[in-house]
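[1] need a structure here:
(one chain, ligands or ions: 2)
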Amino acid sequence: MKVSHYKLLIPTLTVLASMFAFSCKPGKAGSSVDADAAQKVYVAPGKYDEVYAFLSGGFSGQIAAYGIPSGRLLKVIPVFSQNPENGYGYSEETKPMLNTSHGFVPWDDSHHPELSKTNGEDDGRWLFINGNNTPRIARVDLATFRTVEILELPNIGGNHASPFCTENTEYVVGNTRFSEPLDNSKGDVPIDSYKQNFKGAVSFVKVDKDNGAMNLAFQLIVPPFNYDLAHAGKGPSHDWIFFTCYNTEEAHTLLEVNASQRDKDFVMAVNWKKAEELIKEGKGTKIVAKYAHNVYNENSHTATSTIETATQTLDVTKFPGLVYYMPCPKSPHGVDVTPDGLSIVASGKLAAVIPVFSFNKMLDAIDKKQFDGMVDGNLPVLKYESVLRGEVKKPGLGPLHTEFDDKGYAYTTMFVSSEVVKWKIDNLEIIDRIPSYYSPGHLSIVGGDSKKPYGKYLLALNKITKDRYLPTGPELAQACQLIDITGNKMKLLLDFPTIGEPHYAQMILADKILKNQVKFYKLEDNKNAYVTKSEKDTKVVRNGNRVDVYMTAIRSHLAPDNIEGIKIGDEVYIHVTNLEQDWDVPHGFAIKGANNAELLIMPGETCSLKWVPGQVGIVPFYCTDFCSALHQEMQGYFRVSPAGSNTPLKFSIGVNPVTQ
Ligand code: RUQ
Ligand code: CUA
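    Numbering: from 1, shown residues only. Ligands and ions are numbered 1, 2, ... in the order given. Purely as a prediction, here's the structure:
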């Protein structure tokens, strides 16, 4: 690819890069905490928090839900990683959730939780999150706090610019961090044929507005840059979505140096509405692609995994008007759109200013063809001056991400100078700054990326904690910091450690989620293939060397609780149905020596554990969740006999043993 008219600017780079590596540390927090901070974060026992915060777990692959302002951890929602705590990714029902075109992948790196939106406002229905490593987008149902769908994205590496949604969640998008040859090409090419053979692909995942079901509608084939982050337009800019990209140098080695050559990289503006129309008109090219689509059925409590084999694509160089590039200084990272949809804030990691682009000026520059060269022959680069509304001057060092409040202010994190900077959206003037401990990446404000921010609380998500907490060996806690943004000056209220590394978070008023909460699953609606709806229907069935145990759990016994006739060489599937029909009464299930996790079964649900007994003898099993005063009595025994023995299959509970 060719980018014409671009100056190279290297000298200041090493200086900036070293600042980036050794970030400055602000002074101690002590004095910056107000006396009334404690009162503002105190949520009395028995009282609910006002806000839910959903933090990504980064390399934990999960999401953690916290109450704000207290900072109380409410739940870890397993998404991309197996979770032995409740059997996610271990039970027969949930294993298919982690299937991919590469087979079973039990881990990922989750960065950006994204709440579904209606009219540009958080609607509290679903939470999307990206898997970065083996590219995937997951959807969590906020009625159950469960991962209900995972869609793999073909043709890309590093699904980092993801999963940002359009104004009405028409689409969630994912874009390439690591460009690579498309799946339909011969992948076995030299790495230094990058410029000829590598491509980027922007995935548009359609979301069903009634039930949230995702499907890969189309992919735009784009130049092989590294696409970093995204945000969709809203209101007047509804039809557009913006991506930052770095490595417009198209380097494939030592990116630290080679991808920082140019003075400016780009914000890529994509007219998704136009792309959608082209696809509708049949202009797409269907290409071979292999990707898994995993869906959890909330009635059968069972996931299925389907391997898809093709996707629609549009090569953006063939369709003028789909893509424009806005020059953006110094390795851009975050890109954020103001609540009115009129300004686009981009942050160059090594830049000394924050450029704010004007959506209207962008349209105008497109109209008047105010171009500054082309990418790949015919993708226009718009003139920086023509699209710029202004620059926030001297914001600090290492600007990364920006969110907005309800009063016309923007807040940007400064990674290198470790602070959050508040500035006014209309005149770009800096109003206030507050140190952050230390090196904040993203920040989150309640509704802060939506059309109607609620404001009040800001969370700074810090990358380094150093001396902030009791040490825990070489690996120290990750943390976030709660800041009060109601007044003119920001006030530090609280900081608390997090699970994994919180890259990004989304905060939402609790009321929007509380009203939809599922308290238990109705037993009568349970469509699991192995459900047992009452104790009298419990049974053990042998079919060759496969044994199915249909078990029930209710306070305080598992039925049956004496099972004989299992033999070495058998594959045993224990299907436990929790018969309870009340809130907050899960039962657990675990077997001694099973090469597996436990099950944690919600009221009305059926879960299945695969067990391959390895030793002859008596094997206890029990409920792992302290469910009642007689929880410790909730237990039973298997008898495992040698292979080929003629111990009859027998199962029973209590004084009236049942035999088969
Ligand atoms: S990133 S610290 Cu993975 Cu969203 Cu910006
Ligand atoms: Cu059921 Cu303990």
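[2] Identify the residues contacting Trp395.
    For the record, residue 395 is Pro, not Trp. Pro395 makes contact with Val353, Ile354, Thr412, Met414, Val421, Trp423, Ile430, according to C-beta atoms under 8 Å, 6 or more residues apart in numbering. Backbone N, C-alpha and C define where each C-beta goes, glycine included.
[3] List, out of the residues you listed, those positioned next to ligand 1.
    Restricting the contacts of Pro395 to those within reach of ligand 1 (C-beta under 6 Å from any ligand atom) leaves nothing.
[4] mind listing which of the residues you listed are in strands?
    Val353, Ile354, Thr412, Met414, Val421, Trp423, Ile430 (DSSP state E).
[5] Relative to Val518, which of those residues is nearest.
    Each of the ones in strands among the contacts of Pro395 was checked against Val518 using C-beta to C-beta; the closest is Thr412, at 38.1 Å.
[6] what does the model give the residue nearest to the closest one when sequence neighbours are not counted for pLDDT?
    Of all residues not flanking Thr412 in the chain, Thr402 sits nearest, at 4.5 Å (C-beta to C-beta, 6 or more residues apart in numbering). The per-residue pLDDT reported for Thr402 equals 98.
[7] So Thr402: helix, strand or coil?
    State at Thr402, reduced to three classes by DSSP: H, G, I helix; E, B strand; the rest coil: strand.
[8] Next, the contact list for it, please.
    So, once contact is read as C-beta under 8 Å, 6+ apart, Thr402 ends up touching Gly334, Asp336, Val345, Ser347, Ile354, Ala410, Tyr411, Thr412, Thr413, Leu443.
[9] Roughly how far does it sit from Val392?
    Distance, Thr402 to Val392, by C-beta to C-beta, to the nearest Å: 9 Å.
[10] Give the residues shared as contacts by the two.
    Among the neighbours of Thr402, those also in contact with Val392 (C-beta under 8 Å, 6+ apart) are Ile354, Thr412.
[11] Got the phi and psi for Glu50?
    Backbone torsions of Glu50, given as degrees, to the nearest 10, read phi -80, psi -30.
[12] what about it, how many neighbours?
    Residues lying near Glu50 (other C-beta atoms under 10 Å) number 18.
[13] got it, and Gln261?
    16.
[14] do the same with Pro78
    25.
[15] How about the residues of the protein by ligand 2?
    Residues of the chain lying close to ligand 2 (C-beta under 6 Å from any ligand atom) are Ala553, His587, Cys623, Asp625, Phe626, Cys627, His631, Met634.
[16] Separate out the buried members of those.
    Buried subset of the residues of the chain next to ligand 2 (neighbour count, 16 or more other C-beta atoms under 10 Å): Ala553, His587, Cys623, Asp625, Cys627, His631, Met634.
[17] with the residues you listed in mind, which one is nearest to Arg468?
    Asp625 (34.0 Å).
[18] Same list (the buried ones among the residues of the chain next to ligand 2) but as CSV, adding secondary structure and pLDDT.
    CSV is the format used below for those (DSSP: H, G, I helix; E, B strand; the rest coil; pLDDT from 0 to 100):
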residue, secondary structure, pLDDT
Ala553, strand, 98
His587, strand, 98
Cys623, coil, 98
Asp625, coil, 97
Cys627, coil, 96
His631, helix, 95
Met634, coil, 97
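[19] And the furthest pair within those residues?
    Top of the distance list for those (C-beta to C-beta): Ala553 and His631, 11.1 Å.
[20] who touches whatever residue of the stretch 551-660 of the chain ends up closest to ligand 1 in this structure?
    Residue of the stretch 551-660 of the chain nearest ligand 1, by C-beta to the nearest ligand atom: Ala597 (28.7 Å). In this structure, Ala597 makes contact with Gln82, Asn83, Pro84, Glu85, Gly87, Tyr90, Ser91, judged by C-beta under 8 Å, 6+ apart.
[21] do Ile601 as well
    Neighbours of Ile601 in contact, by C-beta under 8 Å, 6+ apart: Ala553, Val576, Thr577, Asn578, Pro586, His587, Gly588, Phe589, Cys607.
[22] Please report how far Thr118 lies from Cys165.
    Counting by C-beta to C-beta, the gap from Thr118 to Cys165 is 10 Å.
[23] Next: Val270.
    Distance from Val270 to Cys165, by C-beta to C-beta: 14 Å.
[24] go on, Tyr325?
    Counting by C-beta to C-beta, the gap from Tyr325 to Cys165 is 23 Å.
[25] who has more neighbours, these two?
    Tyr325 (27 against 23).
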